[in-house]
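S.K.: everything below, folded, please.
(one chain, ligands or ions: 1)
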Amino acid sequence: MAEAPDVIAGDVPLAPLTSIRVGGPADAMATCTSFRAVTGALAWARDRGAPVAVLGRGSNLIVDDAGFRGMVVRLAGRLASISVRGDRTLWCGGGASLPRAVQRAAAAGLAGLEFGASIPGTVGGAVAMNAGAYSSDLSQVLEWAVVCDAGGRRRVGRDDLAMGYRTTSVPGDQVVAAAGFALAPGDPAVIRGRLADLRSHRRSTQPQGVRTFGSVFTNPAGDSAGRLIEAAGLKGHVIGQARISPVHANFIEAGPGATAADVVALMDEARRRVREAGGPVLHAEVRYLHPVRGIGAPPLAEIA
Ligand SMILES: Cc1cc2nc3c(=O)[nH]c(=O)nc-3n(C[C@H](O)[C@H](O)[C@H](O)COP(=O)(O)OP(=O)(O)OC[C@H]3O[C@@H](n4cnc5c(N)ncnc54)[C@H](O)[C@@H]3O)c2cc1C
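M.R.: Numbering: from 1, shown residues only. Just a heads-up that it's a prediction; the model follows:
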């Protein structure tokens, strides 16, 4: 039997650890500061038959209203740190903030990660999701990642991760504990200028100061989910305490007292109405934490 992880807490509310802030508590949470602690925590959960969920900043996650009957793993300390290695490699713990990693790269005169400035996740979450924006994504700059499971850790190259449009082959019960990005030398002032432009573009096109999890659906080939949902007449549509954003229809905004059920009902409504209007079946980009199955796709209604 594996030993109990270093820092473990019980009955932890998860809503405050996500950007949309809905959902119930987890039975247990391990906060890991070393590769060894991560594998130890995963082995501890495996030995008890407890499901595992890896949580970054919860910026792309809906937690079920009933919470999670397993162990959540989070990264901290050295596994949330950022450093420049050699001439052009940015070393990041999986729990490091992606926007902070972008800032660190800019300060060091390293270019290529700017698209991540307004993606409010962790590096591990961003690698697992192959996060991206403005026609770039992490697959273009990731060199390697350290992935932990209950049996140990392994260093993998970008090509081992099958990185596609907001997908990778990282299984839900494995942890991206560190990542290395190969960046290009650049003028810090020019990089900062590019960051300012990208941030200002975001501010003018996406809802600000509200609870969201970024894009709800992936964009179908040749179209945009936001355009399709808007064309179906759903901008501003309300269910319970959540609504389709009046600013950008591929965002859901949660009001005070919103539930995961409200958010999922809005997603169902958007998919149904887009399909009825002759559009494609939309696929969720956001992930869902189920009480016993762990992280997977949201529980959406079947649609033909
Ligand atoms: C305002 C806003 C704007 C956004 N804009 C963008 C955007 O432009 N582009 C974009 O791609 N996304 C965007 N997002 C979504 C989100 O920020 C990204 O998907 C981000 O990569 C998620 O990282 P996270 O740490 O918050 O992951 P979480 O939400 O905590 O988890 C998401 C998934 O990643 C897994 N995961 C998290 N950490 C790890 C780890 N260390 N190892 C293995 N798996 C892990 C989780 O298990 C889960 O399956 C936006 C979100 C918000 C709120």
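S.K.: name all residues that make contact with the nearest residue to Asp160 once chain neighbours are set aside.
M.R.: Distances taken as CB to CB, 6 or more residues apart in numbering put Ser169 closest to Asp160, at 7.8 Å, once the chain neighbours are dropped. Using the backbone N, CA and C atoms, a C-beta is placed for each residue, glycine as well. The contact partners of Ser169, by CB atoms under 8 Å, 6 or more residues apart in numbering, come to 160-162.
S.K.: show me those that map onto strands.
M.R.: Among the contacts of Ser169, no member falls in strands (criterion: DSSP state E).
S.K.: which of the residues you listed are close to the ligand?
M.R.: With CB under 6 Å from any ligand atom as the criterion, no member of the contacts of Ser169 is in contact with the ligand.
S.K.: inside helices: which ones of those?
M.R.: Among the contacts of Ser169, the subset assigned to helices under DSSP state H is empty.
S.K.: what's the neighbour count on Asp223?
M.R.: Counted by other CB atoms under 10 Å, the residues lying close to Asp223 total 12.
S.K.: wait, it sits on Pro280?
M.R.: Yes - checked against CB atoms under 8 Å, the pair Asp223 and Pro280 is within contact range at 7.5 Å.
S.K.: now the buried members of the contacts of Ser169.
M.R.: Among the contacts of Ser169, those classed as buried by neighbour count (16 or more other CB atoms under 10 Å) are Leu161.
S.K.: check contacts around the residue nearest the centre of the chain.
M.R.: Among the residues of the chain, Asn60 comes closest to the average C-alpha position under CA atoms, centre = their mean, at 4.1 Å. Asn60 sits next to 121, 125, 129, 131, 213-214, 285-287 when contact means CB under 8 Å, 6+ apart.
S.K.: now render the residues you listed as TSV, adding secondary structure and neighbour count.
M.R.: Compiled in TSV, those are given as follows (DSSP: H, G, I helix; E, B strand; the rest coil; neighbours: other CB atoms under 10 Å):
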residue	secondary structure	neighbour count
Gly121	coil	24
Gly125	helix	25
Met129	helix	24
Ala131	coil	25
Phe213	coil	24
Gly214	coil	21
Glu285	coil	21
Val286	coil	24
Arg287	strand	20
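S.K.: just checking: what are the partner strands of the helix or strand bottoming out on mean pLDDT in the chain?
M.R.: Taking mean pLDDT, DSSP states H and E as the measure, the helix or strand of the chain with the lowest value is strand 7-13, at a mean of 83. On the basis of DSSP bridges, the sheet neighbours of strand 7-13 come out as strand 25-32 (antiparallel).
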